[in-house]
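Participant: I would like the atomic coordinates for the input below:
(2 chains)
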Amino acid sequence: MGSEVLIYGYGTVCLFMVAFNLIYSAYLRSENKRSERRQGQIASIAAPGANCAVEGKPLPDGHSKLLMRRLSYVNSLVAFDAYLRGLPAEAAEAYLQSISSIFAGLARLYLKKDEMQGAYFCHFIAGWGSSLQNERERLRPFLYQYGQRKSLYSRVNSLKGFCALGDQEGLLQVLSGQKWTFQENISIHPKIIVEALLTFRGDTKAFVENIWARFSDFAIPIQRALLDYMRFSSDAHKDRMLEIMLDETLDRELRFSAIRYFGRYPDERARKSLLQFLSAGSQDQWEYMAISATALAKYPGEDTIHALVTVMHNPNWYVRHNSAESLSKLGFTYEDLLGASAAEDRYAREMLSYRLESKRLQENSKREMGPV
Amino acid sequence: MRNFIQYFLLCVEFFFVLYMVGYATFLFLSVTVGSSELYAAKRRSRLKNELDNDYFLPVSVIVPAYNEGVTIEATVRSLLGLSYRIYEIIIVDDGSTDDTAQVMREKFNMVRIDRPVQRRIACQPELAIYESREWKVPIILVSKQNGGKADALNMGINISTYPYFLCIDADSVLQYDSLDRIVRPILEDSSTVAVGGAVRPCNGATIENGHVIQYNMPKNILASMQVLEYERSFLASRIFFDKFNGNIIISGAFGLFRKDLVVAAGGYDHDTMGEDMELVVKLHVFCRETGRPYRIRYAPDAICWTQVPENMKDLCKQRRRWHIGLFQCMRKYRNILANPKYGLVSFVSYFYFLFYELLSPFIEVFGVFATILAFCVDLINMPFLILFFAIYVVYAATLSLTAFFARTHTVDLRLRFSDVIKAVELCALEVSCLRFIMAWVRMTALIGYNKKRHVWGHIERKTIDIK
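Facilitator: Numbers count the residues shown, from 1 in each chain, chains lettered A, B, ... in the order given. The predicted structure is shown next:
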């Protein structure tokens, strides 16, 4: 009897599975049609409003209310996004500006839905935020809440939403509110933060000033991302970066970031410190040596060449590798190599000659402009 | 005597009921969790809950090659067609006796270069290193003395420049977006130390510039059955294990690793045939012993297409090798079993691999002999046996199909009606015949283990048809 129950139990599971497969297959087959129908419905609702907005006329009565009711469903919001993308850019902008007041209400509604739908709402804002900048203050508290959710996509899309809205205040709030994520080990990768910040559509100069003013409010990994952002944005931060590079009390990752900054934007004030990092470091400081070796490629001069050739004897692979690369960028030649003290050291010689050969290969391929 | 046999068969029956309930439950859980995760991923993608920008982590792609002259050009060309931006391609020619190195040098205009090798992990010495900078990304060819696949991978790690490395087999083709997708789990969670991608049989698929433009069930029956087996056994179960950080295997055909951690753990082990599984288990042990937070993830949307054997001889060789590798790895890390320090890795993953992978051929073949014995002494209820077997076949076949359709639905592959019929027919054949043949092959794999433990066996290669 027991075995029979088991067998019939498994038989029932099979039946359910088969039924699931058939129903889901049919559902997927009809998905395109449903999506097209939904887009048609949204278009028929939105088009009169969009036409009015383009012509500068007031919206039809009840238009915003009807639209808001429909857009409270995520599938309709997806269809609305597709509809907007089908409009000329100016028409989409004019229409969004005319209905911008509904988005704070939608932001509140989507907070009550699951995190995936909330993240999509933020994605929508990130896509069309530049047309909704007059709503930034009303949207800020809601986007902040999305930015504090556990879902990574909710936090990333919230960040992008603030960038699209050009809302520096919201952006700084959401970044300083990320401290808890590091405790729970669910933080955003610095690369993602930097990429998002580079899309910021507000007053960049004021934003950067604000970052410096509140720099100590952020967790260290966020500070590191902000310094990387500075490195990709402009050469206007040399003074602050010099302070960070020289401040021995700061986290080493921040100081590394500052060294890299001076590798991108050379400044004579940094030369002495970079040379000190390169030559004075003990083996437990090899990262300072390796990073400053790379940075010194932008500081031509006898002192730089001498320091780089000297550290070619260093036992650390990365120090030798980066020094050799910088030497080749500074125009160090085979003849120079033969005359240098590094020629007596096999490891140094191999590394230097490899970098020089590699540079030659790269130059040849650039000249020939090979396939792909 | 009859009483003794009766008692023996009763015990066997009890054991098998427990064993089958365990397996059926695991299969059900893995397929339902795997399928629902695939459907959820599709929804996530539609609602843009994914990292769609250009976030690049530098990756070194390492391809160990031994006598791969037939396939190596297609493999490298497919790697050059990836949509990813920051990567390098490293081919490690492991002392091939064919023209692998020559094909590489001629087809990719490679130039010999005196490149120093940072020997962080022990491996056989290099004979020559070639580079080409004429392509989208640097291509490096290392010719070295033969030392086996693990040794070749260790050389690849030593010569790699970037902080993450990806290993792929030389007879595999990566889908154009596979590298973008396999790095996502690292961007999503920086404690991720390794990511496995989905390996799918390319027999029957038409691939153009890394895009699948047509997908059919392979014409070859054996390859078709493996398609179904891959979706059920590998895809579904790995998604299930991923739920609790319990994956203890990342296919050697497609896996991404954090280099500094692999180097700290000692790299690939030369002495096991299943070096891919060994490395992953080693990473679990290393991270848990050193108390560092870590995740080993599975990315089902990162796809690598590979040739599966189309004849029984090659399939047997492959499965024999896999089983010896599994045995070596399970034996080496036997202290994980029932060890609370390893949590679910011990009590679910290791337990599953021990009883339902390593020992399953012995148990299944024993079951067949017990059934024959019961039949001989007339202690078997034939109608019940037939019903039981039929339910087993229908159950396993249904779950295979569920996993297969979940995959095809979620990657928007359109199957012809004839392929659907073929899948339905062959999944029954796979669970009722191929599975038992493979059980026998795997069981006999360990016979003469000491003699055969380092013998890979040659598998016939075909040119991969990439347009």
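
Participant: number of nearby residues for A:Gln285?
Facilitator: 12 (other CB atoms under 10 Å in any protein chain shown). All C-beta spots, glycine's among them, are computed from the backbone N, C-alpha and C.

Participant: contacting residues for the residue nearest to it when sequence neighbours are not counted?
Facilitator: Once flanking residues are discounted, A:Gln285 sits nearest to A:Phe277: 7.9 Å by CB to CB, 6 or more residues apart in numbering or on different chains. Listed by CB atoms under 8 Å, 6 or more residues apart in numbering or on different chains, the contact set of A:Phe277 reads A:259, A:285, A:288-289, A:291-292.

Participant: point out where the stretch 251-372 of chain A drops to low pLDDT.
Facilitator: Residue ranges of the stretch 251-372 of chain A with pLDDT under 70: A:281, A:334-335, A:337-344, A:366-372.

Participant: can you map out the helices along it?
Facilitator: Secondary structure of the stretch 251-372 of chain A (DSSP state H, counting those that start in this stretch): helices located at A:252-264, A:268-280, A:286-295, A:302-310, A:317-329, A:334-339, A:346-368.

Participant: residue of chain B nearest chain A, please.
Facilitator: B:Glu134 (3.3 Å; CB to the nearest CB).

Participant: before we move on, what SS does that residue have?
Facilitator: Per DSSP: H, G, I helix; E, B strand; the rest coil, the local secondary structure of B:Glu134 is coil.

Participant: correct me, but it touches A:Glu363?
Facilitator: No - using CB atoms under 8 Å, B:Glu134 is not in contact with A:Glu363; the gap is 11.7 Å.

Participant: who's more crowded, those two?
Facilitator: B:Glu134 (21 against 11).

Participant: which strand is the longest one in chain B?
Facilitator: Criterion DSSP state E: the longest strand present in chain B is strand B:295-306.

Participant: follow-up on the earlier one: measure the residue nearest to A:Gln285 to chain B for me?
Facilitator: 22 Å (CB to the nearest CB, to the nearest Å).

Participant: so what does B:Ser143 look like in phi/psi?
Facilitator: Main-chain torsions, B:Ser143, degrees, to the nearest 10: phi -100, psi 130.

Participant: residues of whichever strand or helix holds B:Leu426 that come out buried?
Facilitator: Assigned by DSSP states H and E, B:Leu426 belongs to helix B:417-429. Residues of helix B:417-429 classed as buried by neighbour count (16 or more other CB atoms under 10 Å in any protein chain shown): B:419-420, B:422-423, B:426-429.

Participant: so how far is the helix or strand just after that helix off the chain centroid?
Facilitator: Heading C-terminal from helix B:417-429, the first helix or strand you meet, by DSSP H and E, is helix B:435-445. Here helix B:435-445 is found 18 Å from its chain centre; the criterion is CA atoms, centre = their mean, to the nearest Å.

Participant: what about dumping the CA coordinates of helix B:435-445 to PDB?
Facilitator: Provided in PDB are the C-alpha atoms of helix B:435-445 (Å, rounded to 0.1, in the frame of the first residue of the first chain):
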ATOM      1  CA  ARG B 435      21.400   6.100 -17.900                       C
ATOM      2  CA  PHE B 436      22.000   2.400 -17.100                       C
ATOM      3  CA  ILE B 437      24.700   2.100 -19.800                       C
ATOM      4  CA  MET B 438      26.400   5.100 -18.300                       C
ATOM      5  CA  ALA B 439      26.000   3.600 -14.800                       C
ATOM      6  CA  TRP B 440      27.900   0.500 -16.000                       C
ATOM      7  CA  VAL B 441      30.600   2.600 -17.600                       C
ATOM      8  CA  ARG B 442      31.100   4.700 -14.500                       C
ATOM      9  CA  MET B 443      31.100   1.700 -12.300                       C
ATOM     10  CA  THR B 444      33.800   0.000 -14.300                       C
ATOM     11  CA  ALA B 445      35.800   3.200 -14.600                       C
END
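
Participant: go through it and flag the buried ones.
Facilitator: B:435, B:438-439, B:441-443, B:445.

Participant: which elements pack onto it?
Facilitator: helix B:312-332, helix B:360-376 (3 or more CB pairs under 8 Å, 6 or more residues apart in numbering or on different chains; DSSP states H and E).

Participant: so which residues on the stretch 101-250 of chain A come close to chain B?
Facilitator: A:116-117, A:119-120, A:123, A:151-153, A:156-157, A:185-187, A:189, A:191-192, A:195 (CB under 8 Å from any CB of the partner chain).

Participant: filter those to the buried ones?
Facilitator: Looking at these with 16+ other CB under 10 Å, the buried ones turn out to be A:116-117, A:119-120, A:123, A:151-153, A:156-157, A:186-187, A:189, A:191-192, A:195.

Participant: now the phi/psi pair for the closest residue to B:Cys287 other than its chain neighbours, please.
Facilitator: In space, and not counting its chain neighbours, B:Cys287 is closest to B:Tyr294: 3.9 Å by CB to CB, 6+ apart. Main-chain torsions, B:Tyr294, degrees, to the nearest 10: phi -150, psi 160.

Participant: where are the low-confidence patches of the stretch 301-450 of chain B?
Facilitator: Ranges of the stretch 301-450 of chain B meeting pLDDT under 70: B:412, B:448-450.

Participant: rerun that using 80 as the cut-off
Facilitator: In the predicted model, the stretch 301-450 of chain B carries pLDDT under 80 at residues B:409-415, B:447-450.

Participant: do the stretch 101-250 of chain B as well
Facilitator: In the stretch 101-250 of chain B, residues with pLDDT under 80: B:232-236.

Participant: show me what residue of the stretch 151-300 of chain A gets nearest to chain B.
Facilitator: A:Tyr153 (4.0 Å).
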